[in-house]
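**Q** One predicted model, sequence on top.
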Amino acid sequence: MQHSYASFLLAWCLRQFRGERTLAASYHLFSGKKSAQTLQDSKWFQLEPFFGVWKNVTMSSLEAAAGWLAEQRLAMAVGDRAYRLTEAGEEWLSEREALFPRHMNGWRYHEVELPFWQRLSLIGQTLSNLNAGRRFAPICRDERTLRWVKRYLMDKGGRVALARELYEELLQLLAAVSEEAAIVFTLRLTSADRIGWTAEQIAAHLQKEALYVEFLFRDALHYIMAEAEAGRSPALAELMDGLAPVALTQSAQKTYEWLQKGKTIEEIAAIRRLKRSTIEDHLVEIAANVPAFSIAPFVAAEKAAAVQAAAKTLGTRKLKQIREALGGAVSYFEIRLVLAKEVGRWMKS
């Protein structure tokens with residue numbers, strides 16, 4: 001097996017995981033599994049960009065990538081299906097930093113990227129064909145998207161001016177991403193003159209891997225979405241209507257609402273007929289994703305400081321190791337809360 005983009009992606013995960021997670025963790029990360037563990041891992045190990053962006057990933061592809069990395073002595077096994085980068089692997093990855101999709105934000109956009117893209121591509125196709133006076137079959141058949149775009153175009157009126165505005169905004173935004181990403185994104189668009197290409201067609205044309213092409217596309221798309229969401233691209237900003245990314249899973253959001261009403265963990269568990277451990281999972285998710293949420297009611301300040309110090313000293317996210325270092329004086333739940341709230345700080349220091 002030759003070096004593939006999958007090898008690069010896995011190597012990036014291995015560097016972040018530091019041998020503390022198995023290949024299954026990378027698999028669940030890329031596929032976007034909404035388990036408490038995967039949600040925590042994406043935050044704790046600063047892998048939010050990759051969350052849910054490779055939906056059709058297979059364990060066999062990751063195993064093959066791990067096998068290649070090990071064969072090249074870029075990674076070494078440290079347990080059952082767990083690997084860690086070697087010094088040579090760290091150097092190999094550093095030399096390929098440019099391959100990292102720096103604008104990608106799977107954590108924030110993995111659930112809303114499709115409807116945003118459907119709206120954008122259909123609007124582009126519609127305006128291009130109407131301005132050229134041509135009939136066409138919509139590239140997108142999703143009924144909700146068709147209704148939304150129809151209403152959007154009716155509200156906007158002047159289609160020539162709108163086409164120019166969208167074109168200029170996209171041109172400016174694509175100038176901020178890599179040349180490869182801009183080319184891929186442009187080739188995916190459909191106009192009056194051509195049908196947008198698939199990732200496979202673009203890969204063949206550019207002589208690149210289809211997976212790499214997919215990531216280039218998402219890198220550009222997520223950048224455009226971020227700029228639109230921030231309101232820095234007025235015309236495109238409207239395409240985010242109703243697509244505001246949700247910080248919490250639906251179940252965690254319900255728990256958060258009960259917390260805001262002053263309910264305790266036990267009361268929420270009883271009201272929602274869920275196990276206490278499930279509510280605790282929700283609190284960890286809330287701590288990691290809601291800046292204003294305070295963990296003070298659940299963890300004493302002295303304990304929180306002790307956990308922070310132990311995590312930094314040990315250089316690990318392994319709960320058992322941290323708890324043992326503290327003599328068992330802190331519960332696993334308390335450790336998880338502190339790590340969730342302090343995510344990434346000790347790694348950067």
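**A** Structure received.

**Q** So residue 310 belongs to a helix, correct?
**A** Yes. Counting by DSSP: H, G, I helix; E, B strand; the rest coil, residue 310 is located in a helix.

**Q** In contact with it, which residues?
**A** With contact taken as C-beta atoms under 8 Å, 6 or more residues apart in numbering, residue 310 is in contact with 322, 325, 326. In short, each C-beta sits where N, CA and C put it, glycine included.

**Q** If we use 10 Å, what do you get?
**A** Taking C-beta atoms under 10 Å, 6 or more residues apart in numbering as the contact definition, residue 310 lies against 316, 321, 322, 323, 324, 325, 326, 330, 335, 338.

**Q** quick one: the second one is in a helix?
**A** Which is residue 321. Yes. According to three-state DSSP, the state of residue 321 is that of a helix.

**Q** how close does it sit to residue 44?
**A** Distance, residue 321 to residue 44, by C-beta to C-beta, to the nearest Å: 14 Å.

**Q** hey, what's in contact with both of these two?
**A** Counting by C-beta under 10 Å, 6+ apart, the common neighbours of residue 321 and residue 44 are 20, 311.

**Q** higher neighbour count, these two?
**A** When residue 321 and residue 44 are compared for neighbours, residue 44 comes out ahead with 23 against 15, by other C-beta atoms under 10 Å.

**Q** pretty sure the more buried one is touching residue 317, no?
**A** Yes. If you go by C-beta atoms under 10 Å, residue 44 and residue 317 touch, sitting 5.2 Å apart.

**Q** how would you label residue 121: helix, strand or coil?
**A** For residue 121, the reduced secondary structure class is helix; criterion used: three-state DSSP.

**Q** OK, contacts around it?
**A** Neighbouring residues of residue 121 by C-beta under 10 Å, 6+ apart: 138, 139, 140, 145, 149, 188, 189, 190, 196.

**Q** Quick check: the fifth one touching residue 120?
**A** Yes. Checked against C-beta under 10 Å, the pair residue 149 and residue 120 is within contact range at 9.5 Å.

**Q** which neighbours do the two share?
**A** Residues touching both residue 149 and residue 120 (C-beta under 10 Å, 6+ apart): 140, 239.
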